[in-house]
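*Asks:* Okay, predicted coordinates and the sequence, questions at the end:
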Protein chains: 2
Amino acid sequence: MYVSARSDYALRAMLAVAAASTGGGEGGAGELVKAASLAEVQEIPLSFLQGILLDLRRAGLLHSHRGAEGGYALTRPAAEITVGDVLRAVGGSLTTVRGLPAERAGYHGVAAGLTDVWLAVHGAIATVVDSTSLTDLLTRDPSGHARSSS
Amino acid sequence: MYVSARSDYALRAMLAVAAASTGGGEGGAGELVKAASLAEVQEIPLSFLQGILLDLRRAGLLHSHRGAEGGYALTRPAAEITVGDVLRAVGGSLTTVRGLPAERAGYHGVAAGLTDVWLAVHGAIATVVDSTSLTDLLTRDPSGHARSSS
DNA sequence: AGTCTTCCTACCGACTAAGTAGGAATACTG
DNA sequence: CAGTATTCCTACTTAGTCGGTAGGAAGACT
């Protein structure tokens, strides 16, 4: 699996927004965080981050507000947003074979069985990232995310 | 997971070599297959394939013989070569975060938990590709490889 | 010697990823 | 209504990798 800078930044930004919301003690989602403060606390280039935040908003994970005192906030509770949600919002499909989604690799001859392998890999990745929520990462509860070994 | 053309070709070539060895009926590994025939049967550009076969040989998965009647053969039985072996031979690490191996992502602040996610993903991928051998793919035995989605 | 095949290095074009720049739209303040 | 702060959006630049090609050198057999 290749995690691009874009995906990495997206996750870190989402975690920072989630931390600001829950840390403030306010139960609602009214805690707006500015892009500039996200860029600073996680050391992400601001211009680059803005494009990423736009993707996250289009995917329905963030909502934003313009003008003074504007910023970003989660649309759902952090416990209901998974790592997989964020990755898919900015990166498209989790598994690609030569640029194509895994299910349409198009093999023939002795290589026909490879499609099943890619699908199994895809399922394994999805299981991990879809069972890990933002709160799992913030609280670092060991029982929160899937343990592949054992 | 991104499967590059290089990795894809490598697996298809290995499968073709394995099929030629077992299909011939000869128990030994003496069945040499030429790069040109591999390129033709799996529709891989010959010049590109030669570089890949070189990597596979350096990784100890193939041995080669030059001159007329030369070619490539497996160094081990196909049942003892896994998909993971082939992928690592041509592609380096299975999971990379911004170009770096997963274990040295280097997070700080609220993003500290991300490392565990990448390691869990890495483990999940490794479990699949390391438990699938070339013979599993050739015989298409359902019990051979892991089934993630029960 | 001659031929066949692997071996090896260098190179090229195209694409994408990462990051930058600059401005338009929107919201609040006074 | 003027002004300011912030998100929004598009275009651009740069650097690196990926896929593929070319041309020979080294070895093996007849």
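*Replies:* Received, thanks.
*Asks:* what does chain A put close to DNA strand D?
*Replies:* By CB under 7 Å from any atom of the strand, the residues of chain A that approach DNA strand D are A:34-36, A:47, A:50-51, A:53-54, A:57-58, A:64-72, A:98. Quick note: C-beta positions are derived from backbone N, CA and C, even for glycine.
*Asks:* contacts with DNA strand C among these, please.
*Replies:* A:S47, A:Q50, A:G51, A:H65, A:R66, A:G67, A:A68, A:E69, A:G70.
*Asks:* Which of the residues of chain A next to DNA strand D fall in strands?
*Replies:* Using DSSP state E, the members of these that fall in strands are A:S64, A:H65, A:G71, A:Y72.
*Asks:* Please identify which of those residues is nearest to DNA strand D.
*Replies:* Proximity of these to DNA strand D was ranked by CB to the nearest atom of the strand; the top entry is A:S64 with 3.4 Å.
*Asks:* I'd assumed A:L53 was in contact with the closest one.
*Replies:* Yes - look at A:S64 against A:L53 with CB atoms under 8 Å: they come within range, at 7.4 Å.
*Asks:* any shared contact partners between these two?
*Replies:* With contacts defined as CB atoms under 8 Å, 6 or more residues apart in numbering or on different chains, the residues shared by A:S64 and A:L53 are A:Y72.
*Asks:* Comparing those two, which shows the higher neighbour count?
*Replies:* When A:S64 and A:L53 are compared for neighbours, A:L53 comes out ahead with 24 against 14, by other CB atoms under 10 Å in any protein chain shown.
*Asks:* thought the more buried one was touching A:Y72?
*Replies:* Yes - here A:L53 reaches A:Y72: they are 6.0 Å apart, a contact under CB under 8 Å.
*Asks:* any common contacting residues for those two?
*Replies:* The contact lists of A:L53 and A:Y72 share A:A35, A:L38, A:L62, A:S64, where a contact means CB under 8 Å, 6+ apart.
*Asks:* What is the nearest of those residues to A:D136?
*Replies:* If you rank the shared contacts of A:L53 and A:Y72 by distance to A:D136 using CB to CB, A:L62 comes first, at 19.0 Å.
*Asks:* sorry, back to before: pull out the buried residues from the ones next to DNA strand C among the residues of chain A next to DNA strand D.
*Replies:* Taking 16 or more other CB atoms under 10 Å in any protein chain shown as the criterion, nothing in these is buried.
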